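**Q** Turn this into a model:
(3 chains)
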Amino acid sequence: MNLFRKHPSLPVFLGLLAAFVLAVTLMSEAAGAGLVSTSFVKTLGKTLCLCLIALAMDLVWGYTGILSLGHFAFFGLGGYMIGMWLMYARTETIVEASLASGALPPTPQEVQDAIATQIFGVVGASDLPAIWSLAGSLPAQLALVVLVPAALAAVFGWLAFRARVTGVYLSILTQAMTLALALWLFQNDSGLRGNNGLSGLQNIPGLEQHGQDLVSLWFFWASALALGLGYLGAQWLVSGKFGSVIRAIRDDEARVRFLGYPVEGFKLFVFVLTAVVAGLAGALYYPQAGIVNPAELAPIASIYLAVWVAIGGRGRLYGAVIGAAFVSLVSTWFTGGNAPDIPLGGYTLHWVDWWQVLLGLSFVAVTLYAPRGIGGLFDLLAGLRAPNRRGAPLGPDQGALQEKEADA
Amino acid sequence: MSTLLEVSGVSVTFDGFRAINNLSFSIAEGELRAVIGPNGAGKTTFMDIVTGKTRPDSGRVLFGEKSVDLLRLSEARIARAGVGRKFQRPTVFEDQTVAENLMLALRAHRAPWRVLFWRPKPADHARIAELAAEVGLSDQLPRKAGELSHGQKQWLEIGMLLAQEPRLLLVDEPAAGMTGPEREHTTDLLVSLARSRAVVVVEHDMEFVRRLACKVTVLHEGSVLAEGSLDHVTANPAVIDVYLGRG
Amino acid sequence: MTDFLTFLRAALLGVLVLMAAQMAAAQDPAAPGTPAPTAQPAPETAPEPPGTTAEMAPLAALIAENARQIAKPSRKTIGPVIDAIAAAPGPQTQAFLEAWADKRLGRRKADGALFVLEKAGPDWRLIDPATGATAGTAPKDDIAQLRPNSGVRGLIASALVRFQLSDPDPARRGAALDALARTASAENLGPLRASLPGETDPELAARKARLERMLTLRFDPDPAARVAAIESFSGDLGLDVRAALNPLVATTRIAATAPPAGANIAAELVPGRDIDKAAAYALLVEAGLAPPRLSAADRRAALEAHVENGAVGGVPLADLDDEDARERAYAGLVSAGLARPAATAAEVDARLAAYRFFDIHAEADPAVTDAARATLDHIEMKVGAMQGLDLGLDALSLASIYFLAAIGLAITFGVMGVINMAHGEFIMMGAYTGYVVQQFVTDYTLSILIALPLAFGVTFAAGVAMERLVIRHLYNRPLETLLATFGISIALQQVAKNVFGTQARPLTAPGWLDGAWVMNDVVSISYIRIAIFVLALIFLGFFLWLMKRTRLGLEVRAVTQNPAMAASMGIKPDRINMLTFGLGSGIAGIAGVAIGLFAKVTSELGQDYIVQSFMTVVVGGVGNIWGTLAGAAMIGGLQKGIEWFNPSNTLAAQTYMIVFIIIFIQFRPRGIIALRGRAAGD
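**A** Okay, the predicted model is just below:
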C-alpha cells in the first residue's frame, strides 16, 4: 500500500506490536507458560491504552499545536461510560440471584430498586439517577463512550476556538475544563458515586466462567488492536492533505486562514476526534484497572500525558507511543519498589520517594536539551539532520515546532 | 471594466488613533494598482480590513459582481471568495516541502471533511509542476520550504497565491529585501499576474512602482490623497508636501 | 483541594448556625397555654425598701398552710406553692426561699412547724421563717432537715430570680437576667417590670428593658401591649428576638371538614397545589380519618404470607413478577378475607375532597401573629441584607487570597509571557519557610515577622535560580516553558513530601489574630482574613509604587512593551527578566506564609491555589495589576455568590464557576483588562 511505502516506520511499528502481542500471549499464564503474570499482562494492556491516548495527544498537540491539558477528561469519561454498564450488569446478576431466593418472583421495579440500592448505598442514595437509564444496555453505553467525550469536546472546543483562544490561554482553559469535570464528579449527587467512583470493573458480566488470566489477555489483545488501528488511522490522517493543513495550523494559523481554510473547523475536528480516541482508550483501560474515580480526571493526569508525548518526541506518532510506554513502565518499575535503593552515607535514597523528582528534572532536561525526545534518537541513527534555520522556530505560533524538533 | 472591489467610507480607530479615515476607492476587474504612502498612512491596515483581519468601525467593502460585503465574512471565507494576500515577510510553511505548500494552496474544497478524503489526482500533480515552473522552483519541489533562500520563499508564496487562483491579489511590499535581479523577476511576475486578475501592490519604493507602470493611489493619514498615473500624482503639490514634508 | 474546601465550609458555618438556630426556634413549642392568673403583675409592694416593717401574715399563713407540701415537696405539684410564697410580700420571703433551696430548712418533729436552721454547737438554732426572729434552739434529733431534690431546688431558684433582679450586687442582677432570659416565663414578667425603675446601671437597665419587651410580647395578657412590644423589635438582628418571635408564627397543620371555629388560621391548603397529595392523605391517616394506603412492601409481605400451593389469591406464583398480577392477587386475598382492604386511588381522592386542610397558628390572636409576621419579615429582610454584607466580606477576603496568590503569576506572565506552573510550589515553599521559622522562634508574632521577609528571600532565590537555569533558554516558547516548569513543580512537590512528610504541618497565627471582628449576630469576619486583606492592599500599593515610581519599574514596563527597543536603550532585558521572575516568586512566598496561617501546610498546598490563580490571571487580563485585582475580585465574588445559591455543595459551586469562566472568556478572550504588548499576542 502507498501509505506503507511512504512511511517505513508504519510497517515496523505494526510488526513490532504484533510480535510483542504474540510474545506476551505465549508467555502468559493463560497459555500455561506463566512467565508473565496476569497482573503484568494487565499492566501491559493498560500501557497500550495509555499509548493510544498519547497518540491522540500527539495529534492534537504535536500536529495541530493545541497543548490540551484536559484530554484525560475524555479518557476518564470513556471509562465512566463503560463502567456504568459493567457495574449495572454485574449488579443485576447478583441482585437477580439474591431476589430469586425470595418467596415471590421480583418485579422489574424491584430489581431496579435493588440494583440502585446496591450501587448507590455507598453515597447514601437509593434511586437510580436519570443518567443511568441506559446503563442496562451495552450497545447504548458503548455508543456513549464515543458520544459523551465527543459532545463535551465539541461544546468546549466550539466555544474556545470560536473565541480564538490560543496558546497558554487555551491550555489553562482545558485544564480548567478537566478540573471542573473532576470536581463535579467528586460530589455525591453527581450520580456517579462521588469519590468512590465505579469499581469492580474487572469482572466482566457474561464472562464470569473464564478466569482473569484469560480475560486480561483478551483485553490486552483488544488494546493492542485498538492501538494498531489507531496508529494506522493517525498515520493515514497526518500523511494526507489534512495532515498538511493541521501542521500548517500549528506553525502559522493566520496564514492558513488567508489560504481559505476554516481553521476553527479543523481544530474542532481534531479536538473532537482525539477526544473520541481518548474515550475509547479509557473504555479499554478501566476494565483492566478495575476502578475509575474522579481523581483520574485531575488536571495533573493530563499534564503527565503532555510529558509522555514530549519525552517521546512530539510531532511524530511513534514518539508519542514510545514516550507513553517508556515513562509509564519505568514509572511503574520505580514506584513499585523494584529499583535498588542507593545508600548515600547517612541517607538512603529510596526510589519510591525520589522517582518523581527524577522524572520532573529529566522532563526539564528533555525540554531544554532534547526537544525531539526519545524519537530524536531514531533520526540520529538514520543520520537525519534538521534544517538549519539559525535557531528560529518554524512558525510564529506558540504551538509551532522548534527548529530542533523538526524532522528532516 | 467592471468594479471588482469597492471600499466606501471605511474608518477604523485603534485606541483613539484614527488609522483609516473615511477611506473610499475602487479597483476594477483585472487592474494592476499601486498603493503608496508614507509610514502610518494606513496601507497595511487597509489590507487587513479587506482580508478580514481587522474589523472597521464603519463603512462597507463590496466585492465581486454580486457585491458581497466582505466585512461580514471571516478571513477564510474572504480568501475563498477570491481575495489572496501576500505578506511583507515571506510566509510559507517551513516544515513542509515546496510541493506540500503548493498543494495546500491549490484550489479545492476547504472544509475539514472534504480535505480529509482529498487525494491528489494526476491533474493536480501536473498543476503543481506547472506552478513551480512558473515561479522558477521546479527543481526545489521535494525540498523543505524552510531551506529555501529569502527570494525563493517570496516566489513560493507567489506560487501559492497563483495556486489559490484569486480574483484580487493584495501584495504587501514585494520588493523589500530583494536583490536587483530578484526584483526584476518579481516585477515580471506581478505584471504577468495582473493579466488574469486584479492586483493591488502596496509599495514604498518609487522606482519599483515606476517599473510597474500602472495607476497609483496615494494614501495619507488614512484617506486617499491623490490618484492617477505616477507622473500625475508626483506632480501633485499635496503629495510633494507630504513626502518632502516628512523628509 | 479538600483543605481549601474545609476552609470555605468554615466560612459558611456562621450562616448555617444562624439557620439552625432559627429552625430550632421554629420547632420550640409555644407556651401560650399557661394559665392567666399567674401572669398578673406582681403587687407594687414587692421591692420594698429595706428597713420598713412589712406585713408578716401572708408569708406565715402560706408557710403554715403548705407546711406538709414544703416538707415533702414533689417536683410536679410544688410549683404553685413556690409561686404563691414567692409572691408573698416582705423581706423574709427571699430568705425563706434561699434557706429552703440551701437545705437550711427544718421541720420540728413535735408539731410540724418549719424553721430556718442555723448551727449552734451541737444543736440547731431555730429562726422563725416569717419574722426572722430566733425561736430558741433544739437538739438535732428533734428536727428533720429538709432536703428538696434538685428539681424542686431548680423551681425555687427560678422563683428567687425576681428577688435577685433587685439585688444590690450588679453581677447578681446580671446573672438573674441571664437566668430569666433562659427560662422565660410569664411569672417573671411582673417582677422584671417592677425592678425596672430602680435599676441604676445603664447597661443592665437596657438589658432589663429589652427582656421586658421580650417577655411582654409573649406573655402580656393585653394584645395591644404585645403588638407594641413585637413592633418595637422591628429590624432587631438579635438571635433571641427571632427565637421569641418564631413560636408566635408557628403553625400546626390540621385536616377538618370546616374551618375550626375561633382558630387563628394562617392559611388554607389545597391538596395538590399547596400541599402534596400524599402528605395530605398521610395527615388524614394520622388523624384517624382515613385508612392507610398499602405500601409495596406491605403488599409484598401480605402476599408472601399467603402462598398456598404455588399461588397467592388465585394467581400463580410465577406470574407475580408484575405489578398488575400482584394487584390482582392482593384483591384475591382481600375478597377471601385474608388481608385488610387498602384505600384505592379513587378512595384517596374522595377522602381528600371531603376534607379541608388548614395551617393553624398556635397563637390565638391574629393581631399578634400578623404583627409578629410583619416584624419577622422586616427582620429577615434586614438579616438578608446583612448576610449579603457578610457574603461580600467573605468574597472580599477570598479575593484578597486569590490576589495574593495570583499577583506573582500575573507579573511573570505579564512581563515575560511565561506561565510558571511551579508558582504553586513557591507558595508552598513560603508556607514551609514559615513552619521552619516557627520551629526555631517560638514567639508567634516574632516568627511571622521573620518568616515574611525570609519567605520572600527563599522564593526570590528559587525564582532567580529557575529563571537562570531553565526559563532563560525557553523565551518565546510559552508552551515549552509551561511544561518545563511543570517538571520543576512535580519535583519540588515530591522533595517537600520527602523532607516534611505527607502530614500537614501547622503554621500558627499569633494570638492577636485569633477571633473575629463581630459586627452583629450576622456579620463577622476573622482577624486573619482582615490581615490578609491588609496584606493584599499593601502589595497592591507596593507594586504600584514599584512600577510607577522606581527605575526598575520603568525598565520593566519598557521591556514589557518593546524588548528590542528597551535593549537598544541600554536596558538589559536579561537582568529585568531575572529580577521580575524573582519578584513574582518572592511574592508567592509571602502569599504562602499568609495562606499557611489558615490552611494546612502540606506539599499539595500550592496545587489547591494554582488553578484559581491561573484563572484570576486569565480572567483579569495579563500585564496589568488592576486586571489581576479585577480578576481576583470576580473569581472570589463569583465563587461566594454561587455558594450562596447552593451552600451545601462547594464542589458544584466550583464547577459552575469554572464553566462560567469558560463562557466569560468567549466574550473577553484577553481578560477584563486587555493589554497590548509582548504578552498580548498581537
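**Q** which SS state does the residue nearest the centre of chain B fall under?
**A** The centroid of chain B falls nearest to residue B:170 when counting by CA atoms, centre = their mean (1.6 Å). Under DSSP: H, G, I helix; E, B strand; the rest coil, residue B:170 falls in the strand class.
**Q** who's in contact with it?
**A** B:47, B:50, B:51, B:83, B:84, B:85, B:86, B:200, B:202 (CB atoms under 8 Å, 6 or more residues apart in numbering or on different chains). For glycine as for every other residue, the C-beta is placed from the backbone atoms N, C-alpha and C.
**Q** what's the distance between the third one and residue B:82?
**A** Spatial separation of residue B:51 from residue B:82 under the definition CB to CB, to the nearest Å is 12 Å.
**Q** ok, the two, which is more surrounded?
**A** A direct count of neighbours by other CB atoms under 10 Å in any protein chain shown for residue B:51 and residue B:82 places residue B:51 higher, at 22 against 19.
**Q** quick one: that one from chain C, how far?
**A** From residue B:51 across to chain C, the span is 15 Å (CB to the nearest CB, to the nearest Å).
**Q** Just give the nearest non-adjacent residue to that residue, would you?
**A** The shortest distance from residue B:51 to any non-neighbouring residue, by CB to CB, 6 or more residues apart in numbering or on different chains, is to residue B:85 (5.0 Å).
**Q** And residue A:86, by the same measure?
**A** residue A:201 (4.8 Å).
**Q** I'd guessed that neighbour sits against residue A:293; true?
**A** No: the criterion here is CB atoms under 8 Å, and residue A:201 misses it with residue A:293 at 10.9 Å.
**Q** if I look at the residue in the stretch 1-150 of chain A positioned nearest to chain B, how far off is residue B:120?
**A** Closest to chain B within the stretch 1-150 of chain A is residue A:2: 9.3 Å, counting by CB to the nearest CB. Here residue A:2 is placed at a distance of 11 Å from residue B:120 (CB to CB).
**Q** before we move on, the earlier item: dump the residue contacts of the residue nearest to residue B:51.
**A** Contacts for residue B:85 (CB under 8 Å, 6+ apart) come out as A:258, B:47, B:51, B:79, B:161, B:169, B:170, B:171, B:172.
**Q** So which of the contacts of residue B:170 are in helices?
**A** If you go by DSSP state H, those have B:47, B:50 in helices.
**Q** The contacts of residue B:170, buried ones only, as a ChimeraX selection?
**A** Here is the ChimeraX command that picks out the buried ones among the contacts of residue B:170, judged by 16 or more other CB atoms under 10 Å in any protein chain shown:
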select /B:47,50,51,83,84,85,86,200,202
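**Q** from the contacts of residue B:170, which is closest to chain A?
**A** residue B:85 (5.1 Å).
**Q** so what's the residue lying farthest from the centre of chain A closest to, chain neighbours aside?
**A** Here chain A reaches farthest from its C-alpha mean at residue A:103, the gap being 47.5 Å by CA atoms, centre = their mean. Nearest non-adjacent residue to residue A:103, counting by CB to CB, 6+ apart: residue C:304, 4.0 Å away.
**Q** residues near residue 295, how many?
**A** No chain was given, so I picked chain A. 14.
**Q** actually it's chain C I care about, not the one you picked
**A** If you count neighbours by other CB under 10 Å, residue C:295 ends up with 10.
**Q** Distance check, it against chain A.
**A** 13 Å.
**Q** what's the distance between that residue and chain B?
**A** 57 Å.
**Q** Only C-alpha atoms, please: export stretch A:239-251 in CSV.
**A** The C-alpha atoms that make up stretch A:239-251 are tabulated as CSV, following Å, rounded to 0.1, in the frame of the first residue of the first chain:
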residue,chain,number,x,y,z
SER,A,239,0.1,11.9,5.8
GLY,A,240,-2.6,13.3,3.6
LYS,A,241,-3.5,16.9,2.8
PHE,A,242,-5.4,17.0,6.1
GLY,A,243,-2.1,16.4,8.0
SER,A,244,-0.5,19.1,5.9
VAL,A,245,-3.2,21.6,6.9
ILE,A,246,-3.1,20.8,10.6
ARG,A,247,0.7,21.1,10.7
ALA,A,248,0.3,24.4,8.8
ILE,A,249,-2.2,25.5,11.5
ARG,A,250,0.3,24.5,14.2
ASP,A,251,3.1,26.7,12.7
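**Q** How about the contacts made by residue 156?
**A** Defaulting to chain A. Residues near residue A:156 by CB under 8 Å, 6+ apart: A:70, A:174, A:177, A:271, C:662.
**Q** You answered for a different chain; I wanted chain C.
**A** The neighbours of residue C:156, taking CB under 8 Å, 6+ apart as the test, are C:82, C:97, C:100, C:101, C:148.
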